[in-house]
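Asker: Take a look and give me a structure for this.
(2 chains)
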Amino acid sequence: MSVFPRAATRPMIQPRAARARLKQRLGRLAAHLLLLVSIGIIAFPVYYVFVLSTQSMEEVVVRPTILRPSTHLVANYITAWSQAGMGRKLLNSLVVAITVAVGKIVISLLSAFAIVYFRFALRKVVFWLIFITLMLPVEVRIVATYQVVSDLGWLNSYVGLTVPLMASATATFLFRQFLQTVPGELAEAAQLDGAGPMRFLWSILLPLSWTNIAALFVVLFVYGWNQYLWPLMITHTEEMQVAVIGIKQLVNPELPQWNITMAAAMMTLLPPVLVILVMQRWFVKGLIESEK
Amino acid sequence: MVHRPVFRNRLLPYLLVLPQVAISVIFFFWPAAASLRYAVMRASPFGDRLFYVGLANFERLFTSAQYHRSLVTTLVFSLGVTVLGMLIALGLAVLANQKIRGLPAYRTALLWPYGIAPVVAGIIWLFLAHPAYGVLTYYLRAATGLSFNWLVDGRIALGLVIVASVWARLGYNIAFFLAGLQQIPQTLLEAATVDGASALQRFWHVTRPLLSPITLFLLVTNTTFSLFETFGVIDAITRGGPGGATETLVYKAYKDGFIALDVGSSGAQSVVLMVLAIILTALQFRFGERRVTY
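Answerer: As a prediction, this is how the structure comes out:
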């Protein structure tokens, strides 16, 4: 390292240090500016969607573009909520997102528990079976999966919307990894105290898993809320549709009502974005640990 | 492997894995097997019966000019979404990883778009870039004199779905790059500074090599995203048009299977997609931190 030359030229260091500090400050200023501009560009589409959702149709199409919010917010949101039926569709999205998230978590925790805390003959087979589901996203088995759900009579129902999405290799692996870090003494102590496996899962492991559960919940909620292809295939009545389908159907090139469509878009994108903002810490943890 | 006490029970472990296994078999393995079966079948002219045709569907698929075109489209689209998205995200993550004030706020401001569904992102960009009402097209036209009409120009349409997909994916990529950057020991960067390395040299010789595992990982997950999860973006903006210019492999499989009801061809396409998905998942585990050691 260059310790000696620096020590030798001590008197020279003062102006150089001042210049370095100035350079550093300029660098920081540039970083701030660049970040602000980038965030502005990234957020602009959503800001503009919000602006449109507050305007009348005349204001939407007038040029040059009006980039300030107008006064029709309440009227547009009411129209989108009731006339376009977004109220019901948002409720469906909520039911689907929560059911899928909770279902995946429960199912995955149970199977991870079995794989870590039991030795059974088919353990290896089960592990690989769960792993392989990762390789079969719904997009690659579109027609055949539709056929199965149709044969079960589950088309256009909450069961059909949620259950097929509930198997999760990533969540199982995350729990498995976590359970492997839990000290073995805990299970030994539980066994000495005469607690059975389910009691141990419920009273010891579950309380220890809350951070992981919260992290997974955020990621899975967003995943469930934003599902599009699957609900598009299996629902066909207004009252079973989810929000992302509802807003897609409001896009009508012949009779554009962009202000209403954008009010519906705001309603559809706010819940998952809010969940991410409120639970940001868990979100980042869940996203990174469940994917890697 | 660490010694781990186990519970003794014959039946219970099977009951515990039953829900997961049942759902996997019914909704993953059975349909996957059915896709394989459809791939070697063709529907009779009235669509009431399926008969065995061997590999004819694959032959038809691999010699079809439309499918070749879809392959090229998918390649351009995936490359665009992956490379562009990762470069932008890396730049922003490096910016947001410095020692400056207000960082938590910046990070939040960069992450939240992850919550926006691809199809909603598509609708937003559809309006922003609409040939008649779009604010972007309006100003771009005023600035360049070009019309940017993606309803007729396939190249512009492809560019637009790439931009919308990159935007929808940005929060994800930034989250991972930031996590990767935070794992780089600060002392290494400081040592490089002391040795007189400039910011660019520090990035190239210290940050870049240490970031390469996460870059490889993101390369794989972004390819997966661009192949399978951009359906909503494309369906909202171009529906594969104009004239098939934005018809990716997944969009084509959906269209041929669900709208054209060509079960055989869609089955063969599903098999091709499955092979792609298997390769990508294997790579994801190869490059991810988690090993599939059992």
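
Asker: The lengthiest helix in chain B and chain A, are they touching?
Answerer: Taking DSSP state H as the assignment, the helix of chain B that covers the most residues is helix B:154-182. Yes. Judged by CB under 8 Å from any CB of the partner chain, helix B:154-182 and chain A are in contact via B:167, B:170, B:172, B:175-176, B:179. Backbone N, C-alpha and C define where each C-beta goes, glycine included.

Asker: Run the chain-centre distance for that helix.
Answerer: With CA atoms, centre = their mean, to the nearest Å as the basis, helix B:154-182 stands 10 Å off its chain's centre.

Asker: what mean pLDDT does that helix have?
Answerer: Here helix B:154-182 scores 91 as its mean pLDDT.

Asker: Remind me which helix or strand the most centrally placed residue in chain A belongs to.
Answerer: Chain A has A:Val222 as the residue nearest its centroid, 2.8 Å off, counting by CA atoms, centre = their mean. For A:Val222, the element it lies in under DSSP states H and E is helix A:210-225.

Asker: A:Arg199 and A:Gln191 touch, don't they?
Answerer: No. Contact criterion CB atoms under 8 Å: A:Arg199 and A:Gln191 do not qualify, at 10.4 Å.

Asker: and the two? which has more neighbours close in?
Answerer: A:Gln191 (16 against 12; other CB atoms under 10 Å in any protein chain shown).

Asker: For chain B, see how far away the more buried one is.
Answerer: Per CB to the nearest CB, to the nearest Å, A:Gln191 is found 7 Å from chain B.

Asker: quick one: that residue from A:Leu205, how far?
Answerer: Counting by CB to CB, to the nearest Å, the gap from A:Gln191 to A:Leu205 is 14 Å.

Asker: buried stuff in the helix or strand hosting A:Glu289?
Answerer: If you go by DSSP H and E, A:Glu289 is part of helix A:280-291. Within helix A:280-291, the residues scored as buried using 16 or more other CB atoms under 10 Å in any protein chain shown are A:280, A:282-291.

Asker: Pass me the low-pLDDT residue ranges in chain A, would you?
Answerer: A:1-14, A:253-254, A:292 (pLDDT under 70).

Asker: Repeat the analysis, applying 50 as the threshold.
Answerer: Chain A contains residues with pLDDT under 50 at A:1-9.

Asker: For residue 70, list the residues it contacts.
Answerer: Here I'm looking at chain A. Going by CB atoms under 8 Å, 6 or more residues apart in numbering or on different chains, A:Ser70 touches A:51, A:54-56, A:59.

Asker: that answer is for a different chain, and I need it for chain B
Answerer: When contacts are counted by CB under 8 Å, 6+ apart, B:Ser70 is found next to B:244, B:247-249, B:252.

Asker: One more: B:His205?
Answerer: B:192, B:197.

Asker: Let me know the pLDDT of it.
Answerer: pLDDT, B:His205: 87.

Asker: how close does it sit to B:Val194?
Answerer: To B:Val194, B:His205 is 14 Å away according to CB to CB.

Asker: Phi first, then psi, for B:Phe51.
Answerer: B:Phe51 adopts backbone torsions of phi -130, psi 150, taken as degrees, to the nearest 10.

Asker: how much space between it and B:Ser266?
Answerer: For B:Phe51, the distance to B:Ser266 - CB to CB - is 16 Å.

Asker: ok, A:Gly40 - how many residues close by?
Answerer: By the measure other CB under 10 Å, the count of residues near A:Gly40 is 11.

Asker: What strand or helix carries it?
Answerer: Following DSSP H and E, one finds A:Gly40 within helix A:13-53.

Asker: Can you check what angle separates that helix from helix B:154-182?
Answerer: Angle, helix A:13-53 to helix B:154-182, by axes from the mean of the first three to the mean of the last three CA atoms, to 10 degrees: 130 degrees.

Asker: same for helix A:13-53, what does it pack against?
Answerer: Counting contacts by 3 or more CB pairs under 8 Å, 6 or more residues apart in numbering or on different chains; DSSP states H and E, helix A:13-53 packs against helix A:73-78, helix A:258-278, helix B:85-96, helix B:103-111, helix B:118-128, helix B:154-182.

Asker: nearest to B:Ser226, of those?
Answerer: When the helices and strands packed on helix A:13-53 are compared by CB to CB, helix B:154-182 sits nearest B:Ser226, at 6.5 Å.

Asker: State the next helix or strand along the chain beyond that closest one.
Answerer: Moving toward the C-terminus from helix B:154-182, the next helix or strand (DSSP H and E) is helix B:186-194.

Asker: how about the strands in chain B?
Answerer: Along chain B, the segments classed as strands by DSSP state E run B:41-43, B:50-52.

Asker: Quick one, which of those gets closest to B:Leu79.
Answerer: Closest to B:Leu79 of these is strand B:41-43 (CB to CB; 33.7 Å).

Asker: Give me the sheet partners of that closest one and which way each runs.
Answerer: Note on strand B:41-43: by DSSP bridges, its sheet partners are strand B:50-52 (antiparallel).

Asker: mind listing what's buried in whichever helix or strand A:Ala112 is part of?
Answerer: Using DSSP H and E, A:Ala112 sits within helix A:86-117. With burial defined by 16+ other CB under 10 Å, the residues of helix A:86-117 counted as buried are A:86, A:88-90, A:92-94, A:96-105, A:107-117.

Asker: now do stretch B:262-280
Answerer: For stretch B:262-280, the buried set under the neighbour-count rule, 16+ other CB under 10 Å, comprises B:262-274, B:276-277, B:280.

Asker: returning to what we had before: right, and the pair among the contacts of B:Ser70 with maximum separation?
Answerer: Maximum distance among the contacts of B:Ser70 (CB to CB): 12.1 Å, for B:Gly244 and B:Leu249.

Asker: Quick check: pLDDT value at B:Val53.
Answerer: Looking at B:Val53, its pLDDT is 81.

Asker: what's the answer for B:Val2, then?
Answerer: We have a pLDDT of 53 for B:Val2.

Asker: got a list of what the nearest residue to B:Val25 once chain neighbours are set aside touches?
Answerer: Closest residue to B:Val25 apart from its sequence neighbours, by CB to CB, 6 or more residues apart in numbering or on different chains: A:Leu129 at 7.7 Å. Counting by CB under 8 Å, 6+ apart, A:Leu129 touches B:21, B:24-25, B:29.

Asker: Is A:Leu129 in a helix, a strand, or coil?
Answerer: Per DSSP: H, G, I helix; E, B strand; the rest coil, the local secondary structure of A:Leu129 is helix.
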